[in-house]
Structure formats: C-alpha cells, structure tokens
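Participant: Predicted model follows, preceded by the sequence.
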Amino acid sequence: MKLFGNITIQRRTGRFFDLTFFIVFTMFMSISPLVWAQNEEAPGEEETAQKQAMEADYVLNDMVVTAQRLPDDFRTGDVDQENAPSFFTVIPREQFIGKMENLAQVLKKEAGIQVKQSGGLGSFSTVSLRGSSSDQVMIYLDGILLNDASGGGVDLSNISLADVSSINVYRGVSPASFGKAGIGGVINIKTLRAQKGTKYNVGLGYGSFDTKKAFGFINHKPGKADFLLSADYLGSANDFEFKNDMGTSWNKVDDQIQKRNNAEFYQYNVLAKAGWDANRNLRFDLVNQYFFKDQNLPNWINMETASTNLTTSRNITTMRLGLNNVTPLALNTAASISYSDKEEKYDDQEGSVGLGKQLNKYNTQRWTGDLYTEWISDYNILAAKIEYQHEDYSPEDLLQEDDPRDSNRDYIVATLQDTLMLLSQRVILTPAVRYAWLDDELESGTTVWGSQLEKSERKDEYWMPQCGLKVKPWEWISLKANAAQYVREPSFFELFGDRGFFIGNEELEAEKGTNFDVGFEVNYLTGWTLINRVYLSSAYFKNDVDDLITRIYDSRGVGKSVNISESEITGVESQAAADFLNLFTVSGNATWQDAVNASEISTFNNKQLPGRYEWATSGKVEFHYKGFKIYSEYFYEAGNFYDAANLLEAPEKKELNAGAAYLFKGFSIELQGKNLRDKRYEDYNGYPLPGRAYYLTIKFEG
C-alpha cells in the first residue's frame, strides 16, 4: 500500500510523474519569488505606503466582489457559490455527523437525486442526477476526481462521512473549479479543514444487524502550522430478514422468510492533513487519505454456502500550494499534484455470483497535476484551470485463465470561465468553455477464447461550451438559467472489454449531452415571530444525450457496448422549507422526470430508461428546543422499471424514518429509527434492502 512519505512508483508511470512534477514545480518556482519577496528586508517608507495602498485597493475590490459571504475556510479554487448561476445544494456536516448513515442515504434526501443500493450499509451504491446514469456523474473528493477510466461509476459506499465537512451537489452545469464535468452534474465531497485552536471529537454507535461504528477527530492550529487527524470504523453483519422468492417470482409456493447470508462487511478510513501558512498569501498543504473495505457479496438466491468476497483499498496523497495576490495583476492561484492508488480483489472461486470461477485483482493508479488562476476586478472574475491526468488500469486474472490487457489514459482539460457582475451585481453572467484531449492506449493480450489481440490506441478531443445567468431583482430572490454541452468518453470496459463474457468495441463514440435548466430561488428572512424564514426553489430541466452507450447481448450471452441509443430527460425539481416560532422546521422536495429512450432504431424506443423513477417526494418535520431535537421524515418514489423493455416494474417505495437527539455541553446522544413501516424494497432486482432498524450514537466534542 502506498502511504504518504513512502510512495512507490512503477517504472511505466515514472516518465509521466517526471513530466507532471516538472510542469507543476516550474509553475511554483516561476511565481513564488513574488510572494517570498514580501518577507525580505523592509522597504522604504514611500515604497511601503505605495504597497499598502495597492493592497488596500485589492482587498476592497475583493470585498465588493465576494460581499463578505465567503465561508471562513474559503480558499482559492473553491466555488464562489454566491455568484454561481447553477442550481446547487450544500449539505452541511450537522445534517449527518453522529448518525448511522452513509453517503447514499444522505444524498437521497435532496431533490433531483436518486440513489440505488444493493443492500444495507456498506453495499454497492450509485447516484443519478436528473435522470443521468452513474457514469455521467462526476464525484470529487476535495477536488480530486474519484471516477476511474475503467468505468462503472463511483461506489458511494466507499466514501466515509466521518471526516466530511460538507457535500456540494451541482446539478447540470459544472463550475470551472472542476476540470472534468459530467452530463448529470458534479458532487464534491469536502473534508474537514484545520481551524484555529484545538478541537476534537470521539463517538461510538451500535444498532440493528450487529452494526458498529467508531470515530474520532483532532485538529490543532496554534499558529502558522496546523495538523488534522480523523479516523473511523464501520461494520455490520447485514443479516436482516427478507422474503426470498428463490428466483421464481411467478411461483409463490417456494417463498421463504430468510436472513441475508454472506453480506457482512467492515471498513475503516484515516485522513491526515498538515498545513503551513508562510504568510497571509502563501499556504502549503499535504493531505493523505487511506480507505479499506472488506465486503462479502451475497448471491441472488441467498445461498448459505456463498463465500464471494470483494476487498477495496484506496490511498490518495495530495500536495497543494496556494498563492494569492501575486504579479502586478494581483492574481490568486492554486496548484496541486496528487497520486491515487486503488486496488480491488474479487474472489468468486466457487462461481456463486458471476459466470464461472473468478479470482481477479484490479489496480488503478492515477497522477494528477492542476493549476487554477483567477483575476478579480470590480466587475468580473476571470478564472482559468488546466489539469493533466495519467491513469493506469491493470487487471490480473489470478487463476490464469486468460491474459487481461493493461490500459492507460492521458487526459488534459483546460477551462476558461468569466463571471461578469452587472448592475451592482444584480445580474451575473457566466460564460465558460472547456477543451478536453485524451489518449487511450491498450496493451496486447489474449482473449478468453485464446485469440491474439494487438496493441491499440485512440485519441480524441472535445470542446464543451456553457453559459449561466443569475438575476437578483431583490436580495432575497434569484432567477437562474443555464445551458451547457458535455461529453463522456467511453470507459476502458466499454472500449476494450475486461473479463468473462464481455468484448470491447473500439469504434465507440463518446456520449454527447446538452443540459438546460431555468428556475428560481427564494430565501427570505421575514422578521416575524410565527414564520422566521421561508425558502423556495424550483427548476425545469432538460437533458438530451446522443450516442448513449448501451450494452447488447448475442445468442451466446456475449455482451458488447454499442452506440444505439439517444435519451431525452425532462423534469421539474422543487424544494421548500420554513422555520416556525424558532421551534419547528418543516421542509420537503418533489421531483418529476420523464426519462425516455428516444432512439428510433432501438427496440426500446419511447420506453422509460431503467433505474430512473418518475416521481419522488420527501418531507421532514423537526422540533428543536435548546439542546433537544426530535424529527420525522418520509420518502416516496414511484414509476421505476428494472429493465429496458419496461416489463419489470419496481414497486412504489414508501419509507418512514424518525429520530431524537439531545446535546448537552459537548455531549450528544442520538436515536434513529429507519424504515419504521418495515416495508421491503429492492433498488436492484433480486437484491433487497433492510427492513426496520434502530441505531444509537453517542458523541463528545471539545
């Protein structure tokens, strides 16, 4: 395992590391003298006065542009959400810390978001934004992309919440801060940042199905230097009861109530950060996060003898340098270089889940270097970002039944965005454009049938324009509209195949999407005693995707990815919240979407895209008084199909949860009740979700 301070680089990636490090290091060194010069010998009085006047003007401009609304830990490269025209949601730490919840369960509470889980806590989970596929949603961890070139979307269960400060969801249009944009949108998980002084917390949790949780955190920043350390553990037997139809849904005679077999898991996560503020304009950060999960996988008919297992380890090391107010133009810049190493080992030697016996290991290594620069004036913020990625994907068949081929991808994306603030910031116009270039290379190898495969390579480039408009006729209301074009390149799995009975298709075209949305947001502080605050938001969205990548199967059961589909997704998402008497908060959201296969040559023309609901609503009522809180929340989903032919309709989902919490002098205790109606549902056909469950969590914070 590659831990920071002891990183091992394979020989074939060395040249890319040298190139990336040289580029970033040159950028650092070319502008750092301008910053370090501030600490040299004192200038004369006249020079000092001129310098202070220049700095005062810059700070004044900065205050005018950002209007004191930036959070205390805001850094160059973060999204200026006050001026962003996109529809976004910020989920703060207070909504999930101390609870027995995973990322999927937190995200599903928001409008326009659908998550799919294959079981209880720790099970494979994916997310859809506005009817997109999981491959079309880009997920970042502190600005580091988690989507792999190997494909398949990001498993949300592999992201711990213990060290997360907030979850930012950008639907449709993606800000320039994110190099790679998604057709569905972007989710950025922000981890904790060091704060002044010393802070810490510890906690324990226990609940149904022998679920255990432990977490701890410490932050120390006495002066210019700081460090932060967070660690957590989560595990569960996941032996919940469910109704097993034994794979014969048409025959009710053999149905049995059973406990879920071979579904236990455990995982742990460690985040370490160290930082140094050299002066007010220069900061250096070193970050390392390590994640490990050992997970058993049940088979479709819940065999007691099943022993399929998947282990995942991931390590991400990042070095970041922030340089502000440099050059005569007073540019703000941030540069970083990161290395990630993910290894997955899939053990199904009994063949109880997949096709045939399998024992495979998959290793993904990625180097990323990026530079973000912004110029701030009274009337606009001009931002540019360039990012380079090199990724190696190395599958290995440990049973030596075939010879999988290694793949690698070089990816460069450059983004230019201008935020124009007109009419005293009442009108904000944000045009932007992305340019992406990629080079895929596949080594030679042998197919599962013994035929030789030659080495191959493909190159592509794309232009992706976008524009956003935000109008604020009054301080409490915003009108927004956005339009953008995005591209999703085929994954290695889709291009070259991987293992088993899937073959590659090197003729695949990239998916090309067009996103549009228009709507409004109202956030009004009434000043009344009865109703203190009112929040309303609603947006109409339309997403069209050409050359949608779809998998087809021949008479032998051999699968292949092809461009045969187009999709059209239209919908409306709405949110509302109100505070009453400083005691009650009532909130809710509703989403309607029509996601259809629009390909005229497809057998499933005008059929609803599988795995997407048509209706989804949720509501929450919370009472809070001093340190006491009690709440109830309800979720409803309907109009979903498991298959492309729309023959297998998923039942309506109705879930009722409730909880209570008490906080006293840093000590908190929270009791949660999940799925209190004890109804059983399946996001994936044949993979049930748990019924009623209870969890208790205690936490102390100082």
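Facilitator: Yes, it's here. It should be emphasised that the depicted structure is a prediction, and the values quoted were computed from it without experimental measurement.
Participant: all contacts plus neighbour counts: C-alpha atoms, from now on.
Facilitator: Will do.
Participant: tell me which element the residue lying closest to residue 597 once chain neighbours are set aside falls in.
Facilitator: Counting by C-alpha to C-alpha, 6 or more residues apart in numbering, residue 597 lies nearest to residue 567, which is 4.7 Å off, once chain neighbours are set aside. Using DSSP states H and E, residue 567 sits within strand 559-580.
Participant: May I have that strand exported as PDB, CA atoms only?
Facilitator: What follows is strand 559-580, C-alpha atoms only, in PDB (Å, rounded to 0.1, in the frame of the first residue of the first chain):
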ATOM      1  CA  GLY A 559     -22.100  -8.700 -24.200                       C
ATOM      2  CA  LYS A 560     -20.800  -5.700 -26.100                       C
ATOM      3  CA  SER A 561     -21.200  -1.900 -25.700                       C
ATOM      4  CA  VAL A 562     -22.600   0.000 -28.700                       C
ATOM      5  CA  ASN A 563     -23.900   3.500 -29.600                       C
ATOM      6  CA  ILE A 564     -27.500   2.700 -30.500                       C
ATOM      7  CA  SER A 565     -29.500   5.000 -28.200                       C
ATOM      8  CA  GLU A 566     -30.500   8.500 -27.600                       C
ATOM      9  CA  SER A 567     -32.200   9.800 -24.500                       C
ATOM     10  CA  GLU A 568     -34.400  12.700 -23.600                       C
ATOM     11  CA  ILE A 569     -34.900  13.600 -20.000                       C
ATOM     12  CA  THR A 570     -37.200  16.400 -18.900                       C
ATOM     13  CA  GLY A 571     -38.300  17.200 -15.400                       C
ATOM     14  CA  VAL A 572     -39.100  19.600 -12.600                       C
ATOM     15  CA  GLU A 573     -37.500  19.700  -9.200                       C
ATOM     16  CA  SER A 574     -38.800  21.800  -6.300                       C
ATOM     17  CA  GLN A 575     -37.700  22.400  -2.700                       C
ATOM     18  CA  ALA A 576     -39.400  24.200   0.200                       C
ATOM     19  CA  ALA A 577     -38.600  24.900   3.800                       C
ATOM     20  CA  ALA A 578     -39.900  27.200   6.600                       C
ATOM     21  CA  ASP A 579     -39.000  27.900  10.300                       C
ATOM     22  CA  PHE A 580     -41.800  28.500  12.700                       C
END
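Participant: Give me the mean pLDDT for that strand.
Facilitator: The predicted model assigns strand 559-580 a mean pLDDT of 89.
Participant: isn't residue 686 right next to residue 299, touching?
Facilitator: No: taking contacts as C-alpha atoms under 8 Å, residue 686 lies outside contact range of residue 299: 9.0 Å.
Participant: so how many other residues sit close to the residue nearest to residue 597?
Facilitator: Other residues near residue 567 come to 23 when the count uses other C-alpha atoms under 10 Å.
Participant: same check, this time on the one 10 residues further on
Facilitator: Burial of residue 577, expressed as a neighbour count using other C-alpha under 10 Å, amounts to 18.
Participant: What residues are bridge-paired with the residue lying closest to it once chain neighbours are set aside?
Facilitator: Nearest residue to residue 577 in three dimensions, chain neighbours excluded: residue 587, at 4.0 Å (C-alpha to C-alpha, 6+ apart). Under the criterion DSSP bridges, residue 587 forms beta bridges with residue 577, residue 620.
Participant: ok, residue 587 - contacts?
Facilitator: Neighbour list for residue 587: 575-578, 619-621 [criterion: C-alpha atoms under 8 Å, 6 or more residues apart in numbering].
Participant: Nice, that's everything, thank you.
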